[in-house]
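Undergrad: quick one: sequence and predicted model below, then my questions.
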Amino acid sequence: MIELLKIKATRVLAFILVITLVQGGVTANSQSSLEAYTNIQEIDNPEDYLALCTKNHRFPQDYEPSDLRKIKGIEFLLRDKAAEAFEQMRDAMDAVGLNIEVFSAYRSYNTQQLLFHERVRRHGSAERAEMGTARAGHSEHQSGLAVDIRHIGAISNMSFQYTAHYQWLLQHAHEYGYILRYPIEYIHITGYMFEPWHWRYIGIEHATAMKSGEYTVFEHYWEDNFIETYEIEMPTELTESDVLKHFIPLFFMQAIPVLGGK
Ligand SMILES: [Zn+2]
């Protein structure tokens, strides 16, 4: 009973913490006005390693990268250069005892559409699903340059942020051309919650320039003074379980099933 009460109290605390974080993101963004999925532009250079995919920049429905291949040893696909760089990065991590696994990489437009509908069903509304899942055409996974990573034996994706694996990636991913695409505290720029598991290939030159230029978020590197910022409106009547579907504090690791990436 005492254990149960402890769990309940911890849940309430986590919920308050999460709401505070989310509200912080919204108020920090009071000057902005862009709404997600309005004034959508089609990406005109989808094969470019710097192609920008957001809630307002989408891939053509029929876009499929021309050079997809399997990542060595697993069934997931990436574009050739991204796959090669990923394999080297994975080897470097293995060499220091940091073993990772991929749980998503390339996803076609149609796969994304299925995934999005599944999330809408699970969350009960599109509004809720969009907090963490892209609509078809708007997922970076369609680029074949994005990979979702977790440590072996992970129980939740969010817990990846607390691992040595994640710290290693923050230090070294740029050496292989990868960047953290949805960093914490940039929800008003990216339109997405913090995703410690989602890494995007942009090439060594640009990833290194981004790091040495102290750019945290790709949008700012892509265009200085990037003007598209979102007023993220949390759904009304947000429940604890809605939040927990996206935020999984460390102490919930044992209780929460593994989530798919977006
Ligand atoms: Zn992802």
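TA: Nice, thanks for sending it over.

Undergrad: all helices of the stretch 51-200 of the chain, in order?
TA: 80-95, 109-123, 126-129, 164-172, 187-190 (DSSP state H, counting those that start in this stretch).

Undergrad: buried residues in the fourth one?
TA: Using 16 or more other Cβ atoms under 10 Å as the test for burial, helix 164-172 gives 165-166, 168-169. All C-beta atoms are positioned from the backbone trio N, CA, C, and that covers glycine.

Undergrad: could I get that helix in PDB with only the CA atoms?
TA: Extracted C-alpha coordinates of helix 164-172, given in PDB (Å, rounded to 0.1, in the frame of the first residue of the first chain):
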ATOM      1  CA  ALA A 164      26.300   7.300 -21.300                       C
ATOM      2  CA  HIS A 165      25.300   6.400 -24.800                       C
ATOM      3  CA  TYR A 166      23.400   9.600 -25.200                       C
ATOM      4  CA  GLN A 167      26.300  11.600 -23.700                       C
ATOM      5  CA  TRP A 168      28.700  10.000 -26.100                       C
ATOM      6  CA  LEU A 169      26.500  11.000 -29.000                       C
ATOM      7  CA  LEU A 170      26.300  14.600 -27.800                       C
ATOM      8  CA  GLN A 171      30.100  14.700 -27.800                       C
ATOM      9  CA  HIS A 172      30.800  12.700 -31.000                       C
END
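
Undergrad: run through who's touching it.
TA: For helix 164-172, the external contacting residues (Cβ atoms under 8 Å, 6 or more residues apart in numbering) are 89, 92-93, 96, 98-100, 149, 151, 160, 178, 180, 196, 199.

Undergrad: how about 7 Å then?
TA: With Cβ atoms under 7 Å, 6 or more residues apart in numbering as the contact definition, helix 164-172 has outside contacts at 93, 98, 100, 151, 160, 180, 196, 199.
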